[in-house]
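S.K.: No sequence on hand, only this structure:
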């Protein structure tokens, strides 16, 4: 694993508190190097990129939506929109910060400023343990996909974009 640093960031403490409130005991690890991208996070924690949870914020019609997917995957927004019955588009950085209270690159799956509906890509459920952002682009915590689904009340959908032939 990468070099760990002392957990001092208010955003990380907020995520730790939200996890505790939800009955999850998770060791949040902060790193001196960036974990902003799935690749950086996988390298820091010493795992594969597929085990990194990407927290993506979309506009689903007029509402914000949190989508959790494997770090190695892209979301098929057409497929997601079809499943939800609304058009889907990426939210901009300002909207993400306003809805979640966190900056892109550190958005955790919980502890947001507003309650957001959550969709999790079924592909993420194949792993025994995954790693999610913990409030900053330098912090990660481990969690089982089952606990992740439970604490986020996520709707499980097949939304992984498939490679073009």
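M.R.: Cool, got the structure. All of these numbers come straight from a predicted model, not from anything done at the bench.

S.K.: quick one: low-confidence parts of the protein?
M.R.: Scanning the chain for pLDDT under 70 picks out 1-8, 163-165.

S.K.: what's around residue 116, how many residues?
M.R.: Neighbourhood size, residue 116 [other C-beta atoms under 10 Å]: 20. From N, CA and C alone the C-beta is placed, and that goes for glycine too.

S.K.: Leaving out chain neighbours, which residue sits closest to it?
M.R.: Closest residue to residue 116 apart from its sequence neighbours, by C-beta to C-beta, 6 or more residues apart in numbering: residue 66 at 4.5 Å.

S.K.: surely the one you found meets residue 121?
M.R.: No - Residue 66 is not in contact with residue 121 according to C-beta atoms under 8 Å; the separation is 11.8 Å.

S.K.: where exactly do the helices run in this structure?
M.R.: Secondary structure of the chain (DSSP state H): helices at 10-21, 38-45, 77-84, 93-100, 145-152.

S.K.: who touches the second one?
M.R.: It stands for helix 38-45. Applying C-beta atoms under 8 Å, 6 or more residues apart in numbering, the contact partners of helix 38-45 are 1-2, 29, 31, 33-35, 48-49, 51-52, 54, 71-72, 131, 133, 140.

S.K.: How about the third one?
M.R.: Outside helix 77-84, the residues that touch it by C-beta under 8 Å, 6+ apart are 58, 60, 65, 67, 87-90, 119, 157-159, 161.
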